[in-house]
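**Student:** Structure here, sequence nowhere to be found:
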């Protein structure tokens, strides 16, 4: 079950992201919270119907006309490795009914390879086009990542369009 998060319930979600993401992949708390004012930004708490009221994860996404960009998807560690996250991801993909795009770290070590493998097992395709995530915080550098997409791998042209949209709207970053 997805529950829409508001400014009043935001403080329940942010610690889940802090635990799941490195600092360079997460905005400061107040900047993240301010995104709730943007019409295309959606933040949801993830709950399991059998444990009503227990927050087990969170997802932050951006709703664009022809695709959804998942900025953050995190399950609390206690609920990982039992299929819960994969089940919720599949439900979410079916619910949005459009292509889905997300960023992943370049798979270079065991953890980053496991993350890419998780998304691949759930139907995502790894796109090897070099991708740089604009800084999430002041003073940071561009972060080398890759885009993963569902329902298929994307062409270079579609990749460029997705990248431009994400950079401009999500990161307020204009290509030179």
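**Tutor:** Structure's in. What do you need? Being a predicted model, the structure only gives us computed values, none of them experimental. Residues are numbered from 1 along each chain as shown.
**Student:** how about the strands of this protein, start to end?
**Tutor:** Secondary structure of the chain, counting by DSSP state E: strands at 2-4, 41-47, 55-63, 68-75, 100-105, 125-133, 143-150.
**Student:** so where's this structure shaky on pLDDT?
**Tutor:** 50-52, 175-176 (pLDDT under 70).
**Student:** ok, which stretches of it are helices?
**Tutor:** For the chain, the helices defined by DSSP state H cover 10-20, 29-34, 84-96, 110-121, 156-165.
**Student:** hang on, the earlier thing: tell me which of the strands of the chain lies nearest to residue 166.
**Tutor:** Closest approach to residue 166 among the strands of the chain (CB to CB): strand 68-75, 5.5 Å. Using the backbone N, CA and C atoms, a C-beta is placed for each residue, glycine as well.
**Student:** quick one on the thing from earlier: how about the helices of the chain, which one is nearest residue 66?
**Tutor:** That would be helix 156-165 among the helices of the chain, by CB to CB, at 8.8 Å.
**Student:** ok and the closest one relative to strand 68-75, angle-wise?
**Tutor:** Helix 156-165 and strand 68-75 are oriented at 70 degrees to each other (axes from the mean of the first three to the mean of the last three CA atoms, to 10 degrees).
**Student:** For helix 156-165, name the packing helices and strands.
**Tutor:** If you count contacts as 3 or more CB pairs under 8 Å, 6 or more residues apart in numbering; DSSP states H and E, helix 156-165 packs onto strand 125-133, strand 143-150.
**Student:** Strand partners (parallel or antiparallel) of the first one?
**Tutor:** If I follow you right, that is strand 125-133. Paired with strand 125-133 in the same sheet, following DSSP bridges, are strand 143-150 (antiparallel).
**Student:** And for residue 16, nearest residue in space, chain neighbours not counted?
**Tutor:** Nearest residue to residue 16 in three dimensions, chain neighbours excluded: residue 58, at 4.7 Å (CB to CB, 6 or more residues apart in numbering).
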